[in-house]
Structure formats: structure tokens, C-alpha cells
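> Quick one: sequence and predicted model below, then my questions.
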Amino acid sequence: MEYGYARVSTREQNEDRQMIALQAWGIAPDRIYLDKQSGKDFHRPQYRKLLRKLKRGDSLVIKSIDRLGRDYAEIQEQWRIITKEKKVAIVVLDMPLLDTRESRDLIGTLIADIVLQLLSYVAQTEREMIRQRQAEGIAAAKARGVKFGRAPLEIPAEFDVVYASWMRQELSGRGAAAKLGVSPRTFSRWAEERKNAPSFRMETESGDE
């Protein structure tokens, strides 16, 4: 039995290219397992389900080698589990040399192992280079004064009235935040800023006298 596996990041949402390639190979849609996972989350429930489904003599078809893992070690480990433990063949569509079906002779298997080592290394190196370029780009932008993240919300004019009601315990923190149309966390931060403001401390001190 032949199965297909596709994986995309939730940021990409472009599984069509993989799905088309797998179906063109002849795999029925109901035998294709798809995971949409971010780079940080690699639990891949559909992949785990697929591993349980695979039996000795089956074949797993993927579009590219990096669908198996995020880095060199992960790709190597999943390849070992599938081919050595599960006794399942792997076909990588983007690299015909990576084909471990029984029709392969000893030389073909050796070539596949060498190519796997090389492509796994390239996949990890490319990933690390992307991260490095992103970090360098962010550092350069910060050096130019570019600000990242959301701009802080300005405290609205009606904050003082709502804050006073909150201080008199006429409003809960959640209620005060709702009146201002912000989250409780934002209101709490604003309240802390107002409490620590010099003008607030002076008014409190004079009031205590």
C-alpha cells in the first residue's frame, strides 16, 4: 500500500503543490496525511497517525526530504524509523535517487543513503542561514531606528474617571477595562503607571496630610 505525507506551516497554507504532486503519483486523497504545524510545534498528529498505519512492505511518498523533519538529526531519525524499524520504503519525489523500494539494488540503496546524508545537511544549513539572515535584518533595522511590535496604546482621556472609580472599588479591574475597551492586563499596566507617576505620588502624599 502506498501512502502520502504532506506538511506545511500554518503561516504558509500552501499544501496544494504537495497534494497535487502526491495525487499525480497515484495516491488516493484518503491515503494522504496532512499536517499544518508551525515551525515551533512539531508534534504532527497526522504524521504520528500515519506511522501507526504503516506496515512492512508499504511505501511512503513525500514531495521533499524536509517534510520528514526540521533539521538534520530529525530527518535522519525519521528515515531510520520508517525504513529500518517499520520496514517501509520511502520515495522522495523531488529527488528520484531517494527511493528505497525493493526494486533498488545494493548500489542504489547505498546512493540513497549518501544522498540522504547530504540533503539532510543542506536542509538544516538552509534553515540556519534563513534564521541568520532574519536576525541580521532585524538588527540592521533596529540600528536604523525601526521599532518592532505593536505600538503602545495611548491612555484615553476618560481613564482618570474610570481609574478613580476603580480606586474607590466601585469597579472591578475587569469592569474598568471593559469601560475603556481594553484588556484587563492593559488596564492593570496603565493603573500601575499612573500609581507610579510623580504627580500621582504628590497628590497622594498631600491627601494623607
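That came through, no problem.
> drop to CA atoms for contacts and neighbour counts, all remaining ones
OK.
> quick one: Ala6 from Ala89, how far?
Distance, Ala6 to Ala89, using CA to CA, to the nearest Å: 16 Å.
> domain ranges for the protein?
Structural domains assigned to the chain are 2-139, 159-208, following automatic domain parsing.
> what packs against the strand ranked longest in the chain?
For the chain, the strand that runs over the most residues, judged by DSSP state E, is strand 2-8. Counting contacts by 3 or more CA pairs under 8 Å, 6 or more residues apart in numbering; DSSP states H and E, strand 2-8 is packed against helix 16-25, strand 32-36, strand 59-62.
> Go through the ones you listed and pick out the most buried.
Burial of those is given as mean neighbour count (mean count of other CA atoms under 10 Å); strand 59-62 ranks first at a mean of 23.
> who does that strand pair up with?
Strand pairing for strand 59-62, determined by DSSP bridges: strand 2-8 (parallel), strand 89-92 (parallel).
> what's the average pLDDT for the longest one?
Per-region confidence: strand 2-8 scores 93 on mean pLDDT.
> With the last one instead?
This predicted structure assigns strand 89-92 an average pLDDT of 91.
> quick one: contacts of it?
Strand 89-92 is contacted by residues 57-65, 82-83, 98-102 when judged by CA atoms under 8 Å, 6 or more residues apart in numbering.
> at 10 Å instead, please
Contacts to strand 89-92, defined as CA atoms under 10 Å, 6 or more residues apart in numbering, come from residues 2-4, 56-67, 79, 82-83, 97-102.
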